[in-house]
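Trainee: Predicted coordinates and the sequence they were generated for:
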Amino acid sequence: MHCRNGRNILFKFKGTIKMLDIKFIRENPDIVKHACQVKNFPDHTSEILDLDARIRELKTITQNKTAEKNKISREIPTSSDKATLVARSKEISAEIASEMSELAEKESRLNDLMHCVPQIPDDTAPIGDDDTANTILKVMGTPRTFDFTARPQWDLLDMNGWWAPEKISKICGARTYCLIGEAAELDLAIQTYVIQKLISRGFKYIECPSITKPETIFNAGHFVGSDMSVMKNDVFALNDEDKCLAGTAEIIINSLHSDEILSENELPLKYAGFSPCFRREAGAAGRDTRGLVRFHQFNKVEQYVFCRPQDSEKFYQELLKNLCDIMEDLELPYRVITNSTGDMGFNKIKMNDVEAWVPSENTYRELGSCSLIGTFQSRRTNTRYRENGTNEVKFCATMNNTGIALPRVLVPFIENHQNPDGSVNIPKALQPLMGGRTKIGGKH
RNA sequence: GGAGACGUCGCAUAGUUGGUCUAGUGCGCCACAUUGGAAAUGUGGUAUACCCGCAAGGGUAUCAAGGGUUCGAAUCCCUUCGUCUCCGCCA
């Protein structure tokens, strides 16, 4: 992952970027230690606190010396004994330099460790190492019982000429797909439907780039540590450019208001973002290789909200409901999972996956993921708002949920809505966007 | 891709022979005064982060970002990022 000038794009951050507030860690070390434990991340709390204490000590010393130096510099122009003052100033500079070097070293180390402290999970999250500890929050709809032999997605796609997997793999490589004819129309109709629904619920539609800088991806807080190489299994880096392909519009929207101080009156900011999504899926070799499930590139509509921290739960439930409503509009049986502490990821407070029923697998498969992030991402992006009345500057809370993932949603869609002749029924909500058709495919 | 210009405290601007710039001015915003109320006007205020301190208060840093020269940098040098204008190319 080297670019043309020989510089490694996997750089380390300079300056102090916090995921959790150092003050919070200072005051609540036990909570942080517990979070590391239940999320399965190494616990550096003690070293962080030691570094923090030494850094503050060094700052006090160096800042006091700098103050003296500045004072001397101000006196020099009007002094009659410039030489003495200049000499004294140089002396102080030398002292500062050595302390600053220790300070820089300690801050760098602290910064690295701060990037490794996970977000504190919510009390309601089941504690466990992985997805086996997840719990079921609710189940909606009843899996359909077929009075004929239901076909798996790939058979339906084959018989209707809706894709060309071998051809596309030959042309474009493994884990790519194409949609042809009515399936492509359906894909677009679903995308449009979801975007319009979110717009009607107060979201601002935004089309996002997929090409982005590595630090933008890093600022979304999915990755642990400050070394960008942690992204290498998940993110495509463009050769000869300090650019990567974003895995989701969440990454772009997350940085949309970076370094801004928003007015409290502007909140909440709700975005419905669309972008092509790119994932290396390097750790998924051999999994989901058949059908429209897992690709290096796909499309996604993403819900994303910036709000006041105290409104987090309200909007989180709203995002979750939006996806549930979309499942119901698409007439798909689904369930909502509450993800365990070990399954929710580094930057999340809590997470609920939405899974749709897939008849050919006789199980539910993930279609979307709703995540409560708190101020974790906004600390990385420095996205804040000014509180009315107090005028205090505070970090925004952020959260995100899938709006719809394409083409994956077609898997449960075409299987659940299939007919014996291989045709697929179109739910009422979608018919206007499909030119009024009530079904597609089959032997017309 | 080629050539040139540029990036200042919410917005617009002043400031580039280094030191009264701890950044001026206008607009906006907030408070107060004036008013029956408002407009207009007047006065004052109006960044962020961190460090020390019980507090009052003091200090450090930030003029796109990072580094350098210097006793001292918005001003000089280097790098990076970004913007604009022509040309080229093109959905």
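Mentor: Here it is on my side, so go on.
Trainee: Please make it C-alpha for all contacts and neighbour counts, starting now.
Mentor: Will do.
Trainee: Identify the residues contacting A:D329.
Mentor: Listed by C-alpha atoms under 8 Å, 6 or more residues apart in numbering, the contact partners of A:D329 are A:427, A:429.
Trainee: For it, what are phi and psi?
Mentor: When read as degrees, to the nearest 10, the backbone of A:D329 gives phi -60, psi -40.
Trainee: Number of residues surrounding A:L58?
Mentor: Number of residues near A:L58 (other C-alpha atoms under 10 Å) recorded here: 19.
Trainee: Check A:T135 too.
Mentor: 15.
Trainee: A:T145: neighbour count?
Mentor: 9.
Trainee: Give me the phi and psi for it.
Mentor: The phi/psi pair for A:T145 (degrees, to the nearest 10) is phi -100, psi 130.
Trainee: Quick check: the gap between it and RNA strand B.
Mentor: For A:T145, the distance to RNA strand B equals 45 Å [C-alpha to the nearest atom of the strand, to the nearest Å].
Trainee: and the residue lying closest to A:Q418 once chain neighbours are set aside, what is it in contact with?
Mentor: Among residues not flanking A:Q418 along the chain, A:V424 sits closest, at 4.3 Å (C-alpha to C-alpha, 6 or more residues apart in numbering). Counting by C-alpha under 8 Å, 6+ apart, A:V424 makes contact with A:414, A:417-418, A:439-442.
Trainee: Give me the subset of these lying in strands.
Mentor: Among the contacts of A:V424, the members falling in strands (DSSP state E) are A:439-440.
Trainee: Spell out which residues belonging to chain A are near RNA strand B, please.
Mentor: Contacts of chain A with RNA strand B, taken as C-alpha under 7 Å from any atom of the strand, map to A:15, A:56-57, A:59-60, A:63-64, A:66-74, A:76-77, A:86-87, A:89-90, A:93, A:391-394.
Trainee: ok, back up a step: weed out the non-buried ones from the contacts of A:V424.
Mentor: A:414, A:417-418, A:439-441 (16 or more other C-alpha atoms under 10 Å).
Trainee: Count the residues that sit near the residue in the stretch 101-250 of chain A that RNA strand B sits nearest to.
Mentor: Using C-alpha to the nearest atom of the strand, the closest approach of the stretch 101-250 of chain A to RNA strand B is made by A:D242 at 7.1 Å. A:D242 has 19 neighbours, counted by other C-alpha under 10 Å.
Trainee: part of a strand, is it?
Mentor: No. A:D242 is assigned coil when assessed by DSSP: H, G, I helix; E, B strand; the rest coil, not a strand.
Trainee: what about it, distance to A:I217?
Mentor: Using C-alpha to C-alpha, to the nearest Å, we find A:D242 at a distance of 12 Å from A:I217.
Trainee: swap in A:V293?
Mentor: The value you get for A:V293 to A:I217, if C-alpha to C-alpha is used, is 23 Å.
Trainee: For the two, indicate the residue with more neighbours.
Mentor: A:I217 (24 against 21).
Trainee: just checking, the more buried one touches A:I251?
Mentor: Yes. Using C-alpha atoms under 8 Å, A:I217 is in contact with A:I251, at 5.7 Å.
Trainee: In helices only, show me the residues of chain A next to RNA strand B.
Mentor: Among the residues of chain A next to RNA strand B, DSSP state H puts A:56-57, A:59-60, A:63-64, A:66-74, A:86-87, A:89-90, A:93 in helices.
Trainee: Surely A:G273 is within a strand?
Mentor: Yes. Under three-state DSSP, A:G273 falls within a strand.
Trainee: That one pairs with what?
Mentor: A:I206, A:E302 (DSSP bridges).
Trainee: how about the strands in the stretch 151-300 of chain A?
Mentor: Listed in chain order, the strands of the stretch 151-300 of chain A (DSSP state E, counting those that start in this stretch) span A:204-207, A:211-212, A:236-237, A:244-245, A:261-263, A:269-278, A:297-307.
Trainee: among those strands, which is the most enclosed?
Mentor: Of all the strands of the stretch 151-300 of chain A, strand A:297-307 has the most neighbours on average by mean count of other C-alpha atoms under 10 Å, namely a mean of 25.
Trainee: so what's the residue of the stretch 301-444 of chain A at minimum distance from RNA strand B closest to, chain neighbours aside?
Mentor: The stretch 301-444 of chain A approaches RNA strand B most closely through A:V393 (5.1 Å), counting by C-alpha to the nearest atom of the strand. Leaving aside its chain neighbours, A:V393 sits nearest to A:R386 (4.5 Å; criterion: C-alpha to C-alpha, 6+ apart).
Trainee: picking that back up, go ahead and confirm the residue of the stretch 101-250 of chain A closest to RNA strand B touches A:K213.
Mentor: Yes. Counting by C-alpha under 8 Å, A:D242 touches A:K213, with 6.5 Å between them.
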